[in-house]
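Trainee: Sharing a model that was predicted from the sequence below.
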Amino acid sequence: MSGPEAQPETRPALPTAPPLTVPTLAAPPLALYLHFPWCVRKCPYCDFNSHTLHGQLPQQHYLDALVADMAAQAPLAGGREISSIFMGGGTPSLFAPEAIGRLLEALRQLVPFQPQAEITLEANPGTIERGRFAEYRAAGITRVSLGAQSFASAQLERLGRIHSSDDTRTAAAELHAAGLANFNLDLMYALPDQDLAGALEDVRAALALKPAHLSHYQLTLEPGTLFGALPPAGLPDEDLAALMQQHCQSEIAAGGYRQYEVSAYARDGAGCAHNLNYWNFGDYFGVGAGAHGKLTDQAHGTIGRTQREREPRRYLASGAQAPLALRDIPDADLPFEFMMNGLRLVDGVTSARFESRTGLPWSTVATQLTSLEARGLVERNSEYWRASTLGQRFLNDVIAAFLPPGPASAQSRGQGADRKNPEGPGA
């Protein structure tokens, strides 16, 4: 007699793994960068797309080209309003206030501006005539960035600047009188033959002018510049430059300014909204000769970089009407591009912002961040991951941890974290 029929072995059901959620790529705020490529004289340290002006400024021709350029890009706004505008260069203050006013009105008709949009004009203290800041304010400018660089006459001469320290003081006084107290001063340190006392003296001279914002950054020798080819003698060594940075930071903090980015300090509420949009991986139109932009295509799940014709004469001839050069950023490059910007901020980055502005899961960068934390280069709290004090000193090494394996894109490698940072990158 046979025994009972064998029953199949029963096992408890395995738990079902939760489905992997793919972050939704959001359409971030949209800013506008306008590039003005001419200067009275090209500075030997400058690697921006700037050109010495020879002959008459083609003011109306160039403004017409900017409007045509914006008209070609306007359909890509995706219903968003412009949150901030930055006019950089070159020297935008070579253009007359009434011309700037006409330009802003024409651009506003193409893509609306938010009611409280920050509108910044870069200005060289040596190109401003008396009373002009009041006219710029009437034209719609709400913020000015002055290229002071130094208050020492010998340094200004070595840097190729066309202005004097008195020009900067006069410009600052006129900004206050015009009701444009929300202004930035660009200031360099680690200049040729500069000692610690000289660097601190420059900072104190800048703070005495009561700017709302201060950009304080080290002179760097960029490829393709005169200083890059023929470095000036007497540059401070790395240890002295670090000492200058440390003591100047303390002096700036004592003056009531909070550091919120590697080289940016501001009074309460006076952080540069336009640059914060860059650093938080927002979108921006790049309009003008050589201007770069960044645009998110939410429908297709892609993020692209744009670039306009660099040479002003070619841009004026056809570049503003030419098809927009648009390159999608590969997913493998997005962590580096995001961190290259976000880790410049003293507050750092959040997982929510990373996911919404790259469309990638936080796990894409979690391993690198944990490794950097173990080395003391980044730190975290309940919300933010940020570079530590040590990490800020070696920020290139921190950001390099997010480079994809193999050769990174030329565009990514060309926007390194050690780039000097006067206001308004975008060209």
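Mentor: Right, received. Where do you want to start? Residues are numbered from 1 along each chain as shown.
Trainee: alpha carbons only for contacts and neighbour counts from here, please
Mentor: Noted.
Trainee: Looks to me like R353 is in a helix.
Mentor: Yes. Under DSSP: H, G, I helix; E, B strand; the rest coil, R353 sits within a helix.
Trainee: what's the burial count for the closest residue in space to it that isn't next to it in sequence?
Mentor: Closest residue to R353 apart from its sequence neighbours, by Cα to Cα, 6 or more residues apart in numbering: N280 at 7.9 Å. N280 has 23 neighbours, counted by other Cα atoms under 10 Å.
Trainee: mind listing what N280 touches?
Mentor: F338, N341, G342, V349, R353 (Cα atoms under 8 Å, 6 or more residues apart in numbering).
Trainee: Spatially, which two of those residues are the most separated?
Mentor: Using Cα to Cα, those span at most 12.3 Å, a distance reached by N341 and R353.
Trainee: still on that earlier bit, tell me the one among the contacts of N280 nearest to S50.
Mentor: Nearest to S50 out of the contacts of N280 is N341 (Cα to Cα; 23.5 Å).
Trainee: In terms of pLDDT, where does that closest one sit?
Mentor: N341 is assigned 96 on the pLDDT scale.
Trainee: What number of residues are in the vicinity of it?
Mentor: 23.
Trainee: again, but for A387
Mentor: Residues within reach of A387, counting by other Cα under 10 Å, total 28.
Trainee: any idea which of the contacts of N280 is the one closest to Q194?
Mentor: Checking the contacts of N280 against Q194 by Cα to Cα gives N341 as the nearest, at 29.7 Å.
Trainee: Drop anything exposed from the contacts of N280.
Mentor: Buried members of the contacts of N280, scored by 16 or more other Cα atoms under 10 Å, are F338, N341, G342, V349, R353.
Trainee: quick one: the closest residue to the first one other than its chain neighbours from E337, how far?
Mentor: Distances taken as Cα to Cα, 6+ apart place F281 nearest to F338, at 6.1 Å, with adjacent residues excluded. When distances are taken as Cα to Cα, to the nearest Å, F281 and E337 turn out to be 8 Å apart.
Trainee: for S83, same thing?
Mentor: S83 sits 22 Å away from E337, going by Cα to Cα.
Trainee: can you count the residues close to G228?
Mentor: Close neighbours of G228, defined as other Cα under 10 Å, add up to 16.
Trainee: Secondary structure element holding it?
Mentor: Applying DSSP states H and E as the criterion places G228 in helix 226-229.
Trainee: what about the helix or strand following that helix, distance to the chain center?
Mentor: Next helix or strand after helix 226-229 toward the C-terminus (DSSP H and E): helix 238-254. Relative to the mean C-alpha coordinate of its chain, helix 238-254 is positioned 22 Å out (Cα atoms, centre = their mean, to the nearest Å).
Trainee: same deal with stretch 308-320?
Mentor: The answer for stretch 308-320 is 23 Å, by Cα atoms, centre = their mean.
Trainee: starting at the chain centroid, how far to the helix holding G228?
Mentor: Mean-position distance between helix 226-229 and its chain equals 23 Å (Cα atoms, centre = their mean).
Trainee: which of the residues in that helix are buried?
Mentor: Judged by neighbour count using 16+ other Cα under 10 Å, the buried positions of helix 226-229 are L226, F227, G228.
Trainee: which other residues reach that helix?
Mentor: Counting by Cα under 8 Å, 6+ apart, P44, Y45, L221, E222, P223 sit against helix 226-229.
Trainee: All set, thanks.
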